Every structure is written in structure tokens, then in C-alpha cells.
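Peer 1: when you get a sec, could you give me coordinates for this:
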Amino acid sequence: MYSSNCLKPLLIFPILATLCLLSTTTSTAQASTQCSEQFELMITNGNGRNKPKCQKLTTLKAEFGWTILKNKSIDIFFGARLDNDEGWLAWGVNPGKRPQMVGTRAIIGIKNPNGSLMVNTYNITSGTKLGCQLLPSELHDDNDVLFSNTKIFMNQTVVISATVTLPSEYNITDLHHVWQVGDKVDGNEPKMHPTTLQNVDSTETINLNTGEGHSVGQHRRHLRTVHGILNIVGWGTLLPMGVIVARYFRKFPFKSTYWFLAHIYIQIIGYTLGTIGWAIGLVLGHSSRYYTFRIHRILAIFIFTFTSLQMLALRLKPETKDEYRKYWDMYHHFLGYSLLALISVNIFQGIAILKPDKTWKWVYIGVLGALASITLVFEICTWVKFLKQKKMDKDAAKQQPGAPGGGGAPTGGGAPTGGGGAPTGGGGAPTGGGAPDGGLPL
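Peer 2: Below is the predicted model of the structure:
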């Protein structure tokens, strides 16, 4: 009964982790449209007219403010943090059928290493995408976008502003706008920006009357969030829990009649969630035209392949009496523990790629810390009980004249066996009396 009660809080643990990640995602989405007080103060002081509409953009922690004027003119304010000694930020509009870098008419603010600031207008062409030099260009064509009253100012956040006059082909209720941030400059030339997901997804179609916007990458961002949550909960939380249940709830230190069912169900659910997350990752990788994350992808394929191999142990494991069973146990345990380590590494790499709210990283660190703490406590209990049982058996053997004495540790009775009483099997994992016959982990 006691061991069954110990299982209950362990099974609630992944639910708490899931709720924490979902609440973080929800709160981030709710707060995404609210500009910072500092940015609002900067654009209000710089405007001198009616208070601009303002909202945070979906990527790069950028903020955007605007006021609609007469004759298809708008006052725009765009701000982002440039944490390095040099860098640049850009905002522009695109007359094409969708928001994209090529064809954008932009205003770019530059922060030089000496602290000086400058702002110019640029025409982003296909040559820019190929790495050609990007230099200021005057946009004076009557059928082109006109930037006037351009300014740049800084107070922790760098803000560029301008009055933008749009030609007739532009529609302020369906305006394709693009923004970007880079960290390298050469005089008045902004150098290539990073190619992270945040940089690639920095486009949107916005209705300036209502402030509502939608982007091509919005659906992909939702899929990335689902991909991350499924893998953190499935592979990063449930699979290690299944190993803990199998190791510590069979006989030592707790004996539960439900350990095998709990182990199997936890592993199947964790594997299923992780596989769905992995499949979503493949879809995302296939749909991405501008970037690929080779290490993350290779590790994910390796993890899925060998985790699937581990799951085949449910049907293909050798019988307990087979003479090569102990070698299979060693391979199964070693591969399982290696996969758990790779899963943790790949989850951290995925978080670094996705760059969500920092809470994601700390939630997963908390998950690993809790699992490690539980494992440490149970391992200590295992050895304490084992050593006590060994001492009791020795004392009982001395009191029986015909019984074998000395250092024979109990075997088969639920205590760890092997050299010096240490748990044996794959890489220190218990076998026989400390682990399920089906082998573990995963």
C-alpha cells in the first residue's frame, strides 16, 4: 500500500510540467500585444501629436507604433534592443503579394561601435539576399514609398521613426511589413543578420486601422510550440519516469503490485507523445526553405530510431532462462540510459533554437532536477535497505550451525546482486532482483 501511494505523486508530475508549459505559452501570447512602458514613453515624447497605436511584434522582442495621417501617410515608430556595441534595426513595407525581404522599402537605423547613430533608407533587392553590398538609396520615385522626417534615438531600446507616404498600390488595411535586427555593421552598411527562427519569421500582414495582424509563419510557430511541449513531456519527462518506476518499485526499496503496469503504460504514453512531436518536427523541417538545424535533426532521428528499438523489448525480449539474456540486459540498459542523456541534450538544443520565453528552459531544468532528486532519494533508500537486509541475513546465518556463513548476500529476494552487493546489469542498472524481467529503461 505504501509503495502504491508513492507512485501517485510520481504520476502527477508530468501533468504539472505540462500545465506549467501551457500556462507559460498562454501568458506569453496574452502579453504579446502590450508595448513596454519605456517604448510608449519614447514614442509619445518623439511624436508630439496624438498618442500612437502600439503593439509588440511577434519576433525579436521588437515593438511597433503608428499614427495614421491624411493622404495614405503614417507616422511609424519601430524599436528593438541592440545589446552589442554595434548593430542595426530595420522596418519596411513590401508591395508584393506577401510580406518578404526581397522588394522591401526599408528604413534602417545603425548603431556604430563608437556609439554614434545614423538612419537611412534602403531598397532590399534579390542581390541583398545573395550577400551583395547593401548601401543607402534615395526613394524618390513618384510610384515608390517616401520616407521623410527620419529619426533615430536610443534609451536602452533603439527607436527609428519616420513619416511614410504610401503609393496607391499599398493598402493600410492589408499592409505587408517586415522588420529585422542584426549585430554587425560596416559604416552605413548593415551586414547579414542571423538566420535564427526569430529572424526568418519577422514578417506580418497588418491592418493598421485595427492593429490585427497575421503572418505566414504564425501556423509554424504554433506547431513548434506543440512540438516542443510534446517532446519535453513525452520523451523528456515520462520516459525517465518509467525507468524510475521499474527500478525502484519492483522490490527495492518499495514493492508494488502495480509497478509493471505503471512502467509499461508510462513508457507507451511517453513514446507515443514523443513520436508525435518528432513527426511534427519532420513536417516543420520539410516545410522550411531558408534554414535547417542539422545536429538537432540528426539527434532526433537517432533518438526515435533507437527508442523504437527499445520499445520492441515488449515483444522481442529473450526469455529469463536464456543464457544470453544477461548480455541483452546489459545492451538494453546501456542504450536506454544513453538515450535519456541524448534526449536531454536535444531538448535543450531545441529550446535554444526556438528561443521561447525563458520559463521553458527553467521548467525543463526543474523537471530534470526533480527527477534527479527522486532518483537520488530512492537510490539511497535502496542501499540502506539492502545493507540492513544483508546484515540481518548474516546474523541469521551465524545462528544456524548448518547454514553457509560469511559474506553471501541475498539473491533473488528483491535485493541488488552482483559484485560486493552493488546493482549489476547494464551500466550499473539492477538485473534480476532489482529490475523488471522485460529489461529497462525505455
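
Peer 1: can you map out the strands along the stretch 201-350 of the chain?
Peer 2: 203-206, 213-214 (DSSP state E, counting those that start in this stretch).

Peer 1: those: lowest mean pLDDT?
Peer 2: Among those, strand 213-214 has the lowest mean pLDDT, at a mean of 84.

Peer 1: list the helices and strands it packs on?
Peer 2: Where contact means 3 or more CB pairs under 8 Å, 6 or more residues apart in numbering; DSSP states H and E, strand 213-214 is packed against strand 203-206. For glycine as for every other residue, the C-beta is placed from the backbone atoms N, C-alpha and C.

Peer 1: distance from the chain centre to the strand it packs on, please.
Peer 2: Chain-centre distance of strand 203-206: 24 Å, with CA atoms, centre = their mean, to the nearest Å.

Peer 1: re earlier: in TSV, list the strands of the stretch 201-350 of the chain along with mean neighbour count.
Peer 2: Shown next, in TSV, are the strands of the stretch 201-350 of the chain (neighbours: other CB atoms under 10 Å):
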stretch	mean neighbour count
strand 203-206	21
strand 213-214	16
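
Peer 1: for those, which one sits closest to residue 256?
Peer 2: Taking CB to CB, strand 213-214 is the member of the strands of the stretch 201-350 of the chain nearest to residue 256, at 51.2 Å.

Peer 1: who touches the closest one?
Peer 2: Here strand 213-214 makes contact (CB atoms under 8 Å, 6 or more residues apart in numbering) with 58, 204-207.

Peer 1: now the strands for the stretch 51-200 of the chain?
Peer 2: For the stretch 51-200 of the chain, applying DSSP E, counting those that start in this stretch gives strands covering 53-56, 63-68, 73-81, 87-93, 105-111, 117-123, 146-155, 157-165, 175-182, 185-186, 189-190.

Peer 1: re the thing from before, with respect to residue 319, which of the strands of the stretch 201-350 of the chain lies nearest?
Peer 2: Closest approach to residue 319 among the strands of the stretch 201-350 of the chain (CB to CB): strand 213-214, 58.7 Å.

Peer 1: if we can go back for a sec, now distance to residue 224 too, for the strands of the stretch 201-350 of the chain, in TSV please.
Peer 2: Formatted as TSV, the strands of the stretch 201-350 of the chain follow (distance: least, CB to CB, whole Å):
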stretch	distance to residue 224
strand 203-206	16
strand 213-214	17
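
Peer 1: excluding its backbone neighbours, what's nearest residue 340?
Peer 2: Computed as CB to CB, 6 or more residues apart in numbering, the closest residue to residue 340 that is not its neighbour in sequence is residue 240, at 5.7 Å.

Peer 1: so the one you found sits against residue 374, correct?
Peer 2: No - counting by CB atoms under 8 Å, residue 240 does not reach residue 374; the two are 9.4 Å apart.

Peer 1: of these two, who's got more company?
Peer 2: Per other CB atoms under 10 Å, whichever of residue 240 and residue 374 has more neighbours is residue 240, with 26 against 18.

Peer 1: which other helices and strands contact the helix ranked longest in the chain?
Peer 2: Of all the segments of type helix in the chain, defined by DSSP state H, the longest one is helix 358-398. Secondary-structure packing of helix 358-398 (3+ CB pairs under 8 Å, 6+ apart): helix 2-31, helix 218-233, helix 239-248, helix 325-354.

Peer 1: now with 6 Å?
Peer 2: Here helix 358-398 touches helix 2-31, going by 3 or more CB pairs under 6 Å, 6 or more residues apart in numbering; DSSP states H and E.

Peer 1: just the mean pLDDT for the helix it packs on, thanks.
Peer 2: Mean per-residue pLDDT for helix 2-31: 55.

Peer 1: re earlier: report the angle between the longest helix of the chain and helix 239-248.
Peer 2: Angle of helix 358-398 versus helix 239-248, following axes from the mean of the first three to the mean of the last three CA atoms, to 10 degrees, is 10 degrees.

Peer 1: so for helix 358-398, what's the average pLDDT?
Peer 2: Across helix 358-398, pLDDT averages out at 87.

Peer 1: re the thing from before, distance-wise, check the residue nearest to residue 340 relative to residue 248.
Peer 2: According to CB to CB, to the nearest Å, residue 240 and residue 248 sit 12 Å apart.

Peer 1: any buried residues in stretch 283-293, and which?
Peer 2: Buried residues in stretch 283-293, counting neighbours by 16 or more other CB atoms under 10 Å, are found at 284, 293.
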